[in-house]
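[1] build me a structure from this.
(one chain, ligands or ions: 2)
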Amino acid sequence: MSIEIRNLSFNYGDLTALEEINLSLREGCFNALLGPNGAGKSTLFALLTRLYALQRGEIIIAGHSITRHPAQVMRKLGVVFQQSTLDLDLSVAQNLFYHAALHGMSKRQALPRISEELTRFDLSARLHDKVRNLNGGHRRRVEIARALLHKPTILLLDEPSVGLDPATRESLNRHIRKLCQEQQLTVLWATHLMEEVQQDDPVTILFKGKMLASDTANELCRQHQCADISTLFRSLTGAIA
Ligand code: ADP
Ligand code: MG
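    Ligands and ions are numbered 1, 2, ... in the order given. Got it, this is the predicted structure:
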């Protein structure tokens with residue numbers, strides 16, 4: 001299942017944060033949303049998750065408009081916001097059970113799901129630890145495990161790797177790619193780090209609220225005759241900065 005964004009614009013007062021965005025995520029793939037700070041990435045996430053009401057344009061998730069069928073649509077989504085939303089004073093288990101309850105799961109239903117996701121992330125041994133005692137990489141993994149508890153078909157991650165060391169970043173990125181392959185999860189991964197993008201990823205480049213390009217990294221590099229995505233990014237954003 002996928003997401004289609006049509007003619008989406010959003011203003012904060014006089015400031016245009018997003019302008020005429022048209023984008024379809026490729027189903028079952030790792031889709032990268034590339035943009036520096038202020039590009040409009042988090043604003044887009046806020047609209048996709050209905051944190052903000054739409055002003056102009058439309059968002060279709062798994063075939064349903066998010067304004068017309070919000071409950072059906074939200075069940076398909078898992079999200080990891082830019083700022084962590086874990087309760088540091090609660091244990092990993094308490095954070096996860098609470099979230100499962102919000103999705104209507106009983107403790108009995110939630111327990112096997114929690115074990116499954118934590119095992120996948122090599123975190124089972126930390127079940128009863130307070131989140132405060134986990135390092136940044138482990139906290140991020142708990143957040144991702146939490147976002148997957150209700151078995152969404154689409155996972156949105158807003159700069160999930162910021163603040164992590166390169167090895168942890170790489171392992172997180174690899175893990176998410178594996179989920180795409182094994183479970184046909186559709187992923188939208190926002191980042192400003194070009195090294196997180198692979199050549200056959202569908203990539204959208206966002207800059208100052210505008211979509212500058214959208215295609216696979218390979219194809220974009222070929223069209224613009226750039227050796228790699230970082231060079232392309234610098235040349236596109238430099239041209240209109
Ligand atoms: P990104 O996540 O790519 O860094 P944001 O979506 O956070 O970008 O921000 C896009 C633009 O909107 C920026 O210019 C930012 O300053 C502005 N902005 C973001 N949130 C607000 C807000 N709540 N009120 C006013 N302006 C905002
Ligand atoms: Mg942001």
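[2] quick one: low-confidence parts of the protein?
    Scanning the chain for pLDDT under 70 picks out 1, 239-241.
[3] now do 90
    Within the chain, the stretches with pLDDT under 90 are 1-2, 62-64, 68-75, 162-163, 236-241.
[4] please list the residues of it that sit near ligand 2.
    Within the chain, the positions adjacent to ligand 2 are 41-42, 82 by CB under 5 Å from the ion. Placement of C-beta: from N, CA and C, glycine included.
[5] buried residues, stretch 37-56. List them.
    39-49 (16 or more other CB atoms under 10 Å).
[6] I misspoke; the intended subject was stretch 85-100.
    86, 91-97, 99-100.
[7] tell me which of those is nearest to ligand 2?
    Of all these, residue 86 has the smallest distance to ligand 2: 18.2 Å, by CB to the ion.
[8] separation between the residue nearest to that closest one when sequence neighbours are not counted and residue 90?
    Ranked by CB to CB, 6 or more residues apart in numbering and with sequence neighbours excluded, the top spatial neighbour of residue 86 is residue 131, at 4.8 Å. Distance, residue 131 to residue 90, by CB to CB, to the nearest Å: 6 Å.
[9] with residue 82 instead?
    Distance from residue 82 to residue 90, by CB to CB: 21 Å.
[10] quick one: is the helix or strand encompassing residue 205 near ligand 1?
    Per DSSP states H and E: residue 205 is located in strand 202-207. No - applying CB under 6 Å from any ligand atom, one finds strand 202-207 out of contact with ligand 1, separated by at least 6.8 Å.
[11] note down every partner strand of that strand and its orientation.
    Take DSSP bridges as the rule and strand 202-207 pairs in its sheet with strand 30-34 (parallel), strand 210-216 (antiparallel).
[12] and it, how far from the chain's centre?
    Distance of strand 202-207 from the chain centroid (CA atoms, centre = their mean, to the nearest Å) equals 13 Å.
[13] what are the contacting residues of that strand?
    By CB atoms under 8 Å, 6 or more residues apart in numbering, the surrounding residues in contact with strand 202-207 are 21, 23, 25-26, 29, 31-36, 39-41, 44, 197, 211-217, 220, 229, 232-233, 236-237, 240.
[14] okay, now residue 164: neighbour count?
    Residue 164 has 17 neighbouring residues, counting by other CB atoms under 10 Å.
[15] so which bits of the protein are right by ligand 1?
    Applying CB under 6 Å from any ligand atom, one finds that the chain approaches ligand 1 through 12, 15, 17, 35, 37-43.
[16] I appreciate the help and will end here.
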